[in-house]
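*Asks:* Predicted model follows, preceded by the sequence.
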Amino acid sequence: MLINTLSKNPKLQSQLNSPTSQFGNLFTKVLGEILNNNESELTTRVNENSFLPHLELMSPIFTKANTEASFKKENITSDDSLQFQSISAEKINETLGGKLKGFGEMFVKAGQQFNINPGLLAAIAKHETGNGTSRASIVKNNIAGMMGKSGLKTYASVEDSIMDMARNLSSNYLGKGLSSISSIGSKYAPIGAENDPTGLNNHWVKGVSKYFNQITV
């Protein structure tokens, strides 16, 4: 390394060839220039390959604000569309039949009272009763598949059944953080339930979602 530096530095070569130079002083001077040159080259290389610019570009990714925003975005679970939304009784009535026919206004009233989308109430009733044709709806006025200690509940009127369904959904489903049709279905009509020997619960989420979209879209 020392030989290469001497051979490439004309100034140092002339000093070595001078008969009046003192070898000790010359060697000290040569060594000093070599060290200075190497330090300069090392500094240049470090600056050229510095990682600081890359760290500065990456740092915004890990800021507190961005991290919290990302976390909140990924953990949003509420579905405001299942809370009360303004919808006309006439629009709901257009889809109702059988024992449910004409009860659009009652679905709206129950939705307002318990802060539930009337379309969800009507959709569940349509699915549970085959749009007002089930035996439970005709004989027991039970339009929501509501169960009691001894089986399907019996109501004095369809209005009572609608209000009881809305109360139940508000207290035990939406009020417990179950804010999507699929999450409600997993509790309202669990797949494999003992009281569902024919497996109708397998179709609950799909059926209610279909009717909900028909009513609200």
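*Replies:* Perfect, thanks for sending it. Numbering: from 1, shown residues only.
*Asks:* can you pull out the strands in this structure?
*Replies:* For the chain, applying DSSP state E gives strands covering 147-148, 151-152.
*Asks:* was I right about Val108 contacting Pro118?
*Replies:* Yes. Contact criterion Cβ atoms under 8 Å: Val108 and Pro118 qualify, at 4.6 Å. The C-beta positions use only the backbone N, C-alpha and C, and glycine is treated the same way.
*Asks:* pLDDT wise, what is Gln22 at?
*Replies:* Reading off the per-residue confidence, Gln22 sits at a pLDDT of 52.
*Asks:* Lys210 too?
*Replies:* Per-residue confidence at Lys210 stands at 97 (pLDDT).
*Asks:* dump the residue contacts of it.
*Replies:* Lys210 makes contacts with Ala123, as judged by Cβ atoms under 8 Å, 6 or more residues apart in numbering.
*Asks:* what's the distance between it and Glu128?
*Replies:* In this structure, Lys210 and Glu128 are 13 Å apart, going by Cβ to Cβ, to the nearest Å.
*Asks:* same deal with Tyr211?
*Replies:* Distance of Tyr211 to Glu128, computed by Cβ to Cβ: 10 Å.
*Asks:* neighbour count winner among the two?
*Replies:* Using other Cβ atoms under 10 Å as the criterion, Tyr211 and Glu128 rank with Glu128 on top: 24 against 19.
*Asks:* dump the residue contacts of the nearest residue to the more buried one once chain neighbours are set aside.
*Replies:* For Glu128, ignoring the flanking residues on the chain, the nearest one in space by Cβ to Cβ, 6 or more residues apart in numbering is Gly145 at 4.2 Å. Shown in contact with Gly145 (Cβ under 8 Å, 6+ apart): Glu128, Ala136, Leu152, Ala189.
*Asks:* Recalculate using a threshold of 10 Å.
*Replies:* Gly145 makes contact with 124-125, 127-129, 134, 136-137, 152-153, 161, 165, 188-189, 195, 200-201, 204, according to Cβ atoms under 10 Å, 6 or more residues apart in numbering.
*Asks:* repeat for Thr129
*Replies:* Contact partners of Thr129, counting by Cβ under 10 Å, 6+ apart, are 97-100, 135-138, 142-145, 158, 161.
*Asks:* What segments of the chain are helices?
*Replies:* For the chain, applying DSSP state H gives helices covering 2-8, 10-17, 23-48, 52-58, 64-74, 89-93, 104-114, 118-129, 135-139, 158-172, 181-188, 204-216.
*Asks:* Name the residues of stretch 170-186 that come out as buried.
*Replies:* Counting neighbours by 16 or more other Cβ atoms under 10 Å, one finds that the buried residues in stretch 170-186 are Ser170, Tyr173, Leu174, Leu178, Ser179, Ile181, Ser183, Ile184, Gly185.
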